[in-house]
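Compute the structure for the input listed below.
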Amino acid sequence: MMKNNSYRRSKNNIKKALLLFMMLLFSSLVLASCGEKEEKKKSPESVQDFSDGELKIGVVSGYFFGAEIKKLYPNAKIVDYYTREDAFKGLSIGEVDGFADDEPVLRARIRGDESIRMAQGYIEESEYSFIFQKSEKGERYSTEFSEYVEELKSDGELSALDEKWFGKGTENKTSEDYSALPDTNGKLTIAYEGNGIPFAYTSRDRAVGYDVDIAIGFCKKYGYGLEIVKTDFPDVMSGIKEGRYDAGIGGVTITESRKEDYYFGATVYEGGISICVRNDSEELEGGGAYDSFIRSFEKTFIERDRYKLFFKGIFTTLLITLVSVIFGTVLGIILYIYSKRGNRLVVFLIRLLTGLVHAVPVVMILMLIYFSFYNHMSIGGILASQSAFIIYFADEIYRMIVKNAKARKDDKLQEDYRLEYIDTREFFEILFKRKAMVVEDYKERIITLIKMTAVVGYVSTQDMTSVLNTIRMESMETMMPIIATTLCYIILILIITVILNRIGRKKPKEEAIQNEKSVENEDKN
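Sure, this is the predicted structure:
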C-alpha cells in the first residue's frame, strides 16, 4: 500500500512538472511572437567606416589583426573572440559591426552564407606563404620551396589552383591522399590550424586545401614524405620555432616581425586584411523575435547539420564518464589499500598525490595533461579528459572509502585494517554492511562526475585551450602559464580549506555526540 501511494505521488509530481514546463514554453512563444519588428541597421560600406571608433570590429585572439587595426585606426573598437565561429556568431547577432580576417578566408565563408558580405577595400594588403624554422634546415626548405613556387607561377599551375580553391565553383574541392608519398629524402611534418578555409582545413578526417595541394606537389618534387598535423595556430608557431614541425601552412601572413624569427617561402597568395559585415540586402522573413528564433534554429540545426555536435557531445560525455568510473573506482581502491599497507614512501606519495588532486581544479589537471601529452592528437581532448577524470574519480573513491571506514566506531575499522587485524576482503565486507550509505555516496559521486564531464570534459577542453592560446602566443611557452595558474589555485583552495576547518571546529558538541549515537545504533541494527 505504501509503495502504491509513493508511486502515485511520484506520478503526480511528474505530471505537475511537465505541466509547468509546457506553460512556461507556451508563454515564452507567445511573448516572442509579439516581439517588435527588427530594425535594420545599415552596415558599413567600406573598411574606412571603422576608423572613427563608432563601430566595433571583431577579431580572433592570437592573430595579429587586432594590433594592425589599432596601428592604422587608433580609435577603432576591438572585440576579441576565441574562434572564427564565435566571431561570425557575434557579427550575426549584432555584438560587432564587422569581423576582420584574411580576405580569402572571408571570401570562402561568404560563398556559403548570404547573410554577410565584404566591406570595400583592405585594412592592409598582405602576402601569404609557408613558414619555416629559422635554422639551416629551415633555410634549405624555404629555398627549395621558393624555387618550386616560381615554377608553379611560370607554368600557370598556381593560377589553376587559385581558380580551384578560390573560385565560385564547388566541384573538385579536395586534395589527393598524401599519406603514402615516398620519403626518399626524409619526411616533412607540416602543421596547420584546421579551419583556415580554403588554404588548409579538415574534410573527412584529412587535410585539404590550396596550401595542402602546394605542399603535396612540393614533396613529390623533392622526394619528401608528408605528415600533416592539425593543431591550433599558436602551437603551429611555437612548434616550428622549437623544431617539432618543419613548416606551417594555412594562409600564414608574411610580416616583418615574423621574419625575425622564421623563414618564409615565396608568396603563394596576395590579398589582405579585410572586414565582412552583415548583408543589408538580405530580406528578413517576419519581424518578431519568434521568427528570428525559427531562422536561427533552421540555420543551426538543419542547414549546417549542427545537431550532430549535440550527439557527439552526449557520446563524448558518456564515454568519458564510463571510462572514468570503471578505472577511477579500481584506482581509488588501490590507492586506499596501499595508503594503509604500503611502506612509508608509498604512503607519502599517495597522500601527496591525493592532496594535490583534491586541491587543484579538475580543469587545470585536464589542461596540464592535455598540453603535456595529447595536444598533437586529433582525439587529444577526449584522451586528456579521460585521464584527468580517472585521476579525479580515483581521489573521490579513495576519500569515500576513508570517510565511510572512519565513521565506523571512531576510525577503528581503518586502524584494524592498517594493523592487518582484518584482511582486504573482510574490510570491504564490513564496510559495505553500511550498504545504503556507501551506495548512495557512490551514486552521488557518479552524478557529480557526469555533470563535470559534460561541462569541463567536453566544453572547457576547447574553451580553456583557446584562453591559453593567447598567453602562449605572446610567450611561446606551453607549460609555465598553466603551472603558475595551478599554483595560484592551490594556494587559494588551501586558504579556504583552513578557514572552513576552523569554522567546522566550532560545531556544537551536542551535534557530534548525536552523530556518534546514530552510527552506533546503525551498527547494532
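
Are there helices or strands packed against the longest helix along the chain, and which ones?
Criterion DSSP state H: the longest helix present in the chain is helix 307-341. Applying 3 or more CB pairs under 8 Å, 6 or more residues apart in numbering; DSSP states H and E, one finds that helix 307-341 contacts helix 344-359, helix 380-406, helix 412-418, helix 435-452. The way it works is simple: take the backbone N, C-alpha and C, and place the C-beta from them, glycine included.

one more time with 10 Å, if that's ok
Applying 3 or more CB pairs under 10 Å, 6 or more residues apart in numbering; DSSP states H and E, we find helix 307-341 packed against helix 344-359, helix 380-406, helix 412-418, helix 424-431, helix 435-452.

And the longest one, what's buried?
What that stands for is helix 380-406. Buried residues in helix 380-406, counted by 16 or more other CB atoms under 10 Å: 380-402, 404-405.

just the fourth one next, same as before
Neighbour-count burial for helix 424-431, counted by 16+ other CB under 10 Å, picks out 427-428, 430-431.

and those as a markdown table, adding distance to Asp80 and pLDDT?
Shown next, in a markdown table, are the buried residues of helix 424-431 (distance: CB to CB, whole Å; pLDDT from 0 to 100):
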| residue | distance to Asp80 | pLDDT |
| --- | --- | --- |
| Phe427 | 55 | 79 |
| Phe428 | 53 | 78 |
| Ile430 | 57 | 73 |
| Leu431 | 52 | 73 |
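
biggest separation within those residues, which pair?
Phe428 and Ile430 (7.4 Å; CB to CB).

Need the residues touching each of the two.
405, 417, 422 (CB atoms under 10 Å, 6 or more residues apart in numbering).

need those in a markdown table with distance to Leu353 and pLDDT, can you?
A markdown table is the format used below for the shared contacts of Phe428 and Ile430 (distance: CB to CB, whole Å; pLDDT from 0 to 100):
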| residue | distance to Leu353 | pLDDT |
| --- | --- | --- |
| Ala405 | 19 | 77 |
| Tyr417 | 20 | 77 |
| Ile422 | 25 | 77 |
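
Tabulate those residues in CSV, adding columns for distance to Ser135.
As requested, the shared contacts of Phe428 and Ile430 are exported to CSV (distance: CB to CB, whole Å):
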residue, distance to Ser135
Ala405, 59
Tyr417, 59
Ile422, 64
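
where along the stretch 151-300 of the chain do the strands fall?
187-192, 195-196, 200-203, 206-208, 225-230, 247-253, 262-264, 269-278 (DSSP state E, counting those that start in this stretch).

who does the fourth one touch, helix- and strand-wise?
So the one you mean is strand 206-208. Under the contact criterion of 3+ CB pairs under 10 Å, 6+ apart, strand 206-208 touches strand 200-203, helix 210-222, strand 225-230.

try the second one
Counting contacts by 3+ CB pairs under 10 Å, 6+ apart, the secondary-structure elements packed against strand 195-196 are helix 84-92, helix 103-111, strand 247-253.

Convert the C-alpha atoms of the second one to PDB, please.
Okay, so that is helix 103-111. Only the C-alpha atoms of helix 103-111 are listed here, as PDB (Å, rounded to 0.1, in the frame of the first residue of the first chain):
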ATOM      1  CA  GLU A 103      40.300  38.300 -47.200                       C
ATOM      2  CA  PRO A 104      40.500  34.700 -48.800                       C
ATOM      3  CA  VAL A 105      39.100  33.200 -45.500                       C
ATOM      4  CA  LEU A 106      36.200  35.700 -45.500                       C
ATOM      5  CA  ARG A 107      35.600  35.100 -49.200                       C
ATOM      6  CA  ALA A 108      35.300  31.400 -48.600                       C
ATOM      7  CA  ARG A 109      32.800  32.000 -45.800                       C
ATOM      8  CA  ILE A 110      30.600  34.300 -47.800                       C
ATOM      9  CA  ARG A 111      30.200  31.700 -50.500                       C
END
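
Give me the distance between the closest residue to Tyr370 other than its chain neighbours and Gly62.
With CB to CB, 6 or more residues apart in numbering as the criterion, Tyr370 has its nearest non-adjacent residue at 3.7 Å, and that residue is Ala384. With distances taken as CB to CB, to the nearest Å, Ala384 is found 20 Å from Gly62.

do the same with Asp49
Distance from Asp49 to Gly62, counting by CB to CB: 26 Å.

Likewise for Phe50?
Counting by CB to CB, the gap between Phe50 and Gly62 amounts to 21 Å.

higher neighbour count, those two?
Higher neighbour count among Phe50 and Gly62: Phe50, with 25 against 22, using other CB atoms under 10 Å.

related to what we said a few turns ago, out of the helices and strands packed on helix 307-341, which gets nearest to Glu85?
Distance to Glu85, taken as CB to CB, is lowest for helix 380-406 among the helices and strands packed on helix 307-341, at 16.3 Å.

so what secondary structure elements neighbour the closest one?
Using 3+ CB pairs under 10 Å, 6+ apart as the contact test, the elements touching helix 380-406 are helix 307-341, helix 344-359, helix 362-369, helix 412-418, helix 424-431, helix 435-452, helix 461-475.

looking at those, which is buried most?
With neighbours defined as mean count of other CB atoms under 10 Å, the helices and strands packed on helix 380-406 peak in mean count at helix 362-369, which reaches a mean of 21.

pLDDT of that helix, averaged?
The average pLDDT within helix 362-369 is 77.

Stretch 120-131 now?
For stretch 120-131, the per-residue pLDDT averages 88.
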